[in-house]
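*Asks:* with the input below, show me the fold.
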Amino acid sequence: MNRVTASVPALAVAACALWPIPATAALSRPFTAASSVPAVPSAPGSSGAPGPSGTSNPSGPSNPSGTPGTARPRVAFKIVDERITESSGLAASTAHPGVVYTHNDSGGTAQIFAIGPDGGVRAVLTLAGARNRDWEAIAMGRDDHGRPAIFVADIGDNLGGAWPFVTIYRITEPTVLRDRTVEATAFRFRYSDGPRNAETMMIDPRTNRLYIASKLMSGALYEAPAKLSTSGYNTLRRIGGAPPIATDGAFAPDGNGFVIRTYFGARVYRMKPDGTPGDSHSIPLPSQEQGESVTYTPDGSSLLVGSEGRAQPVLQVPLTGADAVGGTAPPPDPRGLTSPPAGKDDHDEGHLRHTGGRRVALLLVLGIAGLVGYGLVRRRS
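*Replies:* Modelled structure (predicted):
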């Protein structure tokens with residue numbers, strides 16, 4: 001999402017007296033599940049009630065042992081490179097421990113940045129033949145030879161249907177990190193029910209199957225074909241609902257679930273034994289300037305969440321209970337994922353009623369109204 005389009009939600013944030021994360025928050029050592037670094041303020045709508053150890057819990061009352069949710073977030077690192085001004089996606093490296101990949105939003109260069117645990121750029125990967133029209137998401141998967149690969153999604157459409165197709169690029173993850181130009185494989189996609197805006201791409205580590213969640217008030221989850229084609233168009237088929245205004249998502253490292261975030265919180269989904277999305281529940285996320293990225297830590301114990309903007313911190317949000325999953329993916333499933341029966345499912349409710357309070361609801365309404373108005377003005381101009 002570009003900064004112009006985001007101006008109305010940003011004003012709504014100020015009007016609702018929502019507090020940002022301090023830019024001066026202390027930085028941590030390389031992110032780990034047990035890193036002891038200063039905590040950051042909880043999101044609006046949270047009570048910040050003391051937890052069992054006397055620390056503030058952003059979800060209000062403390063989570064009993066085994067209860068899904070999140071513990072108090074901490075700063076993992078801060079993106080300080082001046083070339084990264086609109087980080088719109090995060091993906092934890094498969095081959096390089098402690099490294100996270102990110103990219104800029106619309107209009108940026110066709111480049112992926114490898115960021116080390118200290119927040120510095122370790123390498124810049126330039127994608128030959130690629131275009132950054134509106135890159136919105138990044139995820140780890142595998143290439144045709146089973147090697148670790150990086151997928152970056154040019155799927156943004158702020159006018160809500162202006163682009164007849166979207167493109168996702170794939171590169172093989174380098175075994176050695178250094179600045180280089182790499183050949184990218186391009187896959188083109190069309191939605192089965194027409195063009196739309198999206199900022200969320202996820203890849204199941206068990207099957208290498210790709211999923212996209214639309215960024216609409218009535219969000220939807222789409223499934224790509226089990227095998228992608230570089231010729232023609234790959235059809236994205238709707239398989240269920242998604243939270244309203246989804247800004248990013250990621251599969252857990254073990255493939256047994258995934259998370260989709262919004263500006264106000266997140267929703268965690270579990271995969272059913274037949275490989276389809278099952279039950280889901282909401283979890284809180286800390287307040288951020290423009291929260292548009294999320295990934296799991298490699299051990300599955302925490303989320304890393306980021307924001308667009310200059311010099312933004314990436315926050316580590318420890319997961320609790322059943323949400324803290326293992327970090328080893330099971331063997332690839334040759335069946336791929338199948339779709340659930342058509343009709344309403346438990347995802348269709350979104351997650352607004354779980355995340356928060358009148359301020360969050362008001363912010364969402366104001367933000368949507370602003371985006372719709374902006375789109376109408378752009379269409380008429």
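*Asks:* what's across from residue 191 in the sheet?
*Replies:* With DSSP bridges as the criterion, residue 191 is bridged to residue 236.
*Asks:* count the residues that sit near it.
*Replies:* By other Cβ atoms under 10 Å, the residues close to residue 191 number 19. Quick note: C-beta positions are derived from backbone N, CA and C, even for glycine.
*Asks:* pretty sure it is touching residue 222, no?
*Replies:* Yes. Assessed by Cβ atoms under 8 Å, residue 191 is found in contact with residue 222 at 6.4 Å.
*Asks:* anything in contact with each of the two?
*Replies:* When contacts are counted by Cβ atoms under 8 Å, 6 or more residues apart in numbering, the set common to residue 191 and residue 222 consists of 236, 238.
*Asks:* for residue 198, see how far away residue 211 is.
*Replies:* Shown here: residue 211 relative to residue 198, a distance of 10 Å by Cβ to Cβ, to the nearest Å.
*Asks:* got it, and residue 190?
*Replies:* Computed with Cβ to Cβ, the distance linking residue 190 and residue 198 is 12 Å.
*Asks:* neighbour count: the two, which is higher?
*Replies:* Looking at residue 190 and residue 198 with other Cβ under 10 Å, you find the greater number of neighbours at residue 198, namely 28 against 16.
*Asks:* is that one in contact with residue 156, as I believe?
*Replies:* Yes. Look at residue 198 against residue 156 with Cβ under 8 Å: they come within range, at 7.1 Å.
*Asks:* any shared contact partners between the two?
*Replies:* Common contacts of residue 198 and residue 156 (Cβ under 8 Å, 6+ apart): residue 136.
*Asks:* in the stretch 251-381 of the chain, which spans are helices?
*Replies:* Here the stretch 251-381 of the chain has its helices, by DSSP state H, counting those that start in this stretch, at 352-355, 358-380.
*Asks:* for these, which has the smallest mean pLDDT value?
*Replies:* Comparing mean pLDDT across those, the weakest is helix 352-355, with a mean of 33.
*Asks:* so what's the residue count around the closest residue to residue 251 other than its chain neighbours?
*Replies:* By the measure of Cβ to Cβ, 6 or more residues apart in numbering, the closest residue to residue 251 outside its immediate chain neighbours is residue 258, 4.5 Å from it. As a burial measure, the neighbour count of residue 258 was computed by other Cβ under 10 Å and equals 24.
*Asks:* distance of residue 258 relative to residue 241?
*Replies:* Residue 258 sits 14 Å away from residue 241 when distances are taken as Cβ to Cβ.
*Asks:* residue ranges with poor pLDDT in the stretch 1-150 of the chain?
*Replies:* Counting by pLDDT under 70, the low-confidence segments of the stretch 1-150 of the chain come to 1-67.
*Asks:* one more time with 80, if that's ok
*Replies:* Low-confidence regions of the stretch 1-150 of the chain, defined here as pLDDT under 80, cover residues 1-69, 106-108.
*Asks:* could you pull out the helices for it?
*Replies:* Taking DSSP H, counting those that start in this stretch to define them, one finds helices in the stretch 1-150 of the chain at 7-15.
*Asks:* tell me the mean pLDDT for whichever strand or helix holds residue 249?
*Replies:* Residue 249 is located in strand 248-251, with elements delineated by DSSP states H and E. Mean pLDDT, strand 248-251: 98.
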